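>>> Sequence and predicted model, in that order:
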Amino acid sequence: MTVTTSIPFIDLQAQRERIDADLRRRLDAVLEHGQFILGPEVADFESRLGRMCDVAHVQACANGTDALVLALRALGVEPGDRVVVPAYTFSATAEAVALCGAIPVFADVDARTFNVTAETVGEAMARPDADGAPPVGVIVVDLFGQAPDYETIEAVAYASSAWVLADAAQSIGGSFDGRPVGSLARVTTASFFPAKPLGCYGDGGAVLTHDPEIAELLASLHFHGKGEHQYDNVRVGYNSRLDSLQAAVLLAKLEVFEDECDRRQTVAARYSAALEDVACVPWLDPQARSVWAQYTLLLEPEARDAVAATLRGRGVPVGIYYPIPVHRQTAYRKYARDLVLPVAEDLSRRALSLPMHAYLDESIQDAVIAELRRAL
Ligand SMILES: *Cc1c(COP(=O)(O)O)cnc(C)c1O
């Protein structure tokens, strides 16, 4: 018997019902004015996101991967440069580096936070390389919605004159030490892929920065390297814009986002209280507020795949983020050769993510908990 026929892993329909009237009004406004690219919704969204994240400049763009590429280009990454990235992340973090012709240097992560630390970044930066050039920068990922302590990581990077870029694709809405994600690093990237905590109804992304010079470069780079105007091209750039319909969706979602972030705390706390005796529940840095892009448990490596299969068989959708660490992926092995990163490799065999969204009601959550306890 399955607990129910359809527990969603992420329930976008419950959210849509809540925002429906506002959403349709905003979408209609775009259909009426017809400025599908660079309509007023885009600038409005940029300024609202900037205010929420306590950052001066926001450049919306086409998706979170482009946001990383644009940020890397604005930071001056050149082909052949080495850039430190976590081995345990969605592959797009390393992909953006490779797309710039640069070389990803994989850092291991912390077993409790799933994030890189000052130690693992320091180890990756010091790792000898054939050409001897030290990494020019570090991309930190706030995995599953929790930001690490950027100041300690920056101290290590800045000591070697490397920059730090925050990949906040999963963590917009979170904070560290009371400061919102988006303001924690000099440059931060976001993704609005539908399944992210703040998602649109298609692809979307943004780069956030405190630095006016980076902001100016981003404004040019995302629009074919424009200069004074659209038909003045001063550098080779990209076509990477957020469209007005997606900006309208994001504006509607921002209206309820803070409340959704609160609800996610409640859902996560309920999972942890109910499961801490049977699984390794996620650890939260007391200084961090996670936005819980994923609620990820660690199981015994021998049990994980069987438990996932049992749960799916009983109608409980679960995710495995990530089954293969990036340095072991076919596309990226060439950058890692025989590099062993024990924590990332161990996590990839143990991680299991449960249904997580702001509208997970208690009865469905209790069913997920009961099925998991039974499967264990
Ligand atoms: C989703 C994600 C991205 C890429 O975002 P897209 O909008 O899908 O291109 C990059 N980094 C991380 C950590 C992500 O989770």
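Received, thanks.

>>> count of residues packed around His33?
12 (other C-beta atoms under 10 Å). Backbone N, C-alpha and C define where each C-beta goes, glycine included.

>>> which non-adjacent residue is nearest it?
Of all residues not flanking His33 in the chain, Gly39 sits nearest, at 6.4 Å (C-beta to C-beta, 6 or more residues apart in numbering).

>>> Next, the contact list for the one you found, please.
Val30, His33, Ser244, Ala247 (C-beta atoms under 8 Å, 6 or more residues apart in numbering).

>>> By neighbour count, which of those residues wins?
Busiest of these [other C-beta under 10 Å] is Ala247, holding 28 neighbours.

>>> distance of that residue from Ala206?
10 Å (C-beta to C-beta, to the nearest Å).

>>> Mutual contacts of those two, please.
Shared contacts of Ala247 and Ala206, counting by C-beta under 8 Å, 6+ apart, come down to Ala60.

>>> which ones are touching Asn63?
Asn63 neighbours (C-beta under 8 Å, 6+ apart): Ser191, Phe192, Phe193, Asp203, Gly204, Gly205, Ser240.

>>> near the ligand, which residues of the stretch 51-200 of the chain show up?
63-65, 89-90, 92-93, 141, 167, 169-170, 191, 193 (C-beta under 6 Å from any ligand atom).

>>> Okay, and which of those residues map to strands?
When DSSP state E is applied, those are split such that Val141, Asp167, Ser191 fall in strands.

>>> My read is that the first one contacts Gln170, right?
In other words, Val141. Yes - if you go by C-beta atoms under 8 Å, Val141 and Gln170 touch, sitting 7.5 Å apart.

>>> Who has more neighbours out of these two?
Shown here are Val141 and Gln170; by other C-beta under 10 Å, Gln170 has more neighbours (30 against 26).

>>> Can you tell me the closest non-neighbouring residue to Arg235?
Nearest one to Arg235, counting by C-beta to C-beta, 6+ apart, is Gly225 at 3.7 Å.

>>> For the one you found, give me phi and psi.
Dihedral angles of Gly225 (phi, psi; degrees, to the nearest 10) stand at phi 70, psi 40.

>>> Just the pLDDT at it, thanks.
Looking at Gly225, its pLDDT is 97.

>>> any idea how far the ligand is from it?
Distance, Gly225 to the ligand, using C-beta to the nearest ligand atom, to the nearest Å: 21 Å.

>>> residue contacts, that residue?
Counting by C-beta under 8 Å, 6+ apart, Gly225 has contacts Asn233, Val234, Arg235, Val236, Gly237.

>>> where do the strands sit along the stretch 1-150 of the chain?
57-61, 82-86, 103-107, 137-141 (DSSP state E, counting those that start in this stretch).

>>> Which positions in the first one come out as buried?
To tie it back to what came earlier, the one meant is strand 57-61. Residues of strand 57-61 classed as buried: His57, Val58, Gln59, Ala60, Cys61 (neighbour count, 16 or more other C-beta atoms under 10 Å).

>>> The last one now?
Neighbour counts over strand 137-141 (16+ other C-beta under 10 Å) mark Gly137, Val138, Ile139, Val140, Val141 as buried.

>>> Tell me the helix or strand right after that strand.
helix 150-159 (DSSP states H and E).

>>> CA atoms only: put that next one into CSV for me.
C-alpha atoms of helix 150-159 as CSV (Å, rounded to 0.1, in the frame of the first residue of the first chain):
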residue,chain,number,x,y,z
TYR,A,150,32.4,33.6,4.4
GLU,A,151,34.8,35.7,6.5
THR,A,152,37.0,32.7,7.3
ILE,A,153,37.0,31.5,3.7
GLU,A,154,37.8,35.0,2.4
ALA,A,155,40.7,35.3,4.9
VAL,A,156,42.3,32.2,3.2
ALA,A,157,41.5,33.4,-0.3
TYR,A,158,42.5,37.0,0.1
ALA,A,159,45.9,35.9,1.6
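
>>> by contact count, what packs against it?
helix 118-126, strand 137-141, strand 163-167 (3 or more C-beta pairs under 8 Å, 6 or more residues apart in numbering; DSSP states H and E).

>>> Make a markdown table out of those and add mean pLDDT.
A markdown table is the format used below for the helices and strands packed on helix 150-159 (pLDDT from 0 to 100):
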| stretch | mean pLDDT |
| --- | --- |
| helix 118-126 | 97 |
| strand 137-141 | 98 |
| strand 163-167 | 98 |
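
>>> what about Ala206, which SS state?
Here Ala206 is strand, with the state taken from DSSP: H, G, I helix; E, B strand; the rest coil.

>>> Now do the contacts for it.
Contacts of Ala206 (C-beta under 8 Å, 6+ apart): Glu46, Leu49, Val58, Gln59, Ala60, Cys61, Ala67, Thr189, Ala190, Phe192, Leu242.

>>> residues touching the nearest residue to the second one once chain neighbours are set aside, list them.
Counting by C-beta to C-beta, 6+ apart, the nearest residue to Leu49 once its immediate chain neighbours are dropped is Val58, at 5.1 Å. Residues near Val58 by C-beta under 8 Å, 6+ apart: Glu46, Ser47, Leu49, Gly50, Ala206, Val207, Leu208.
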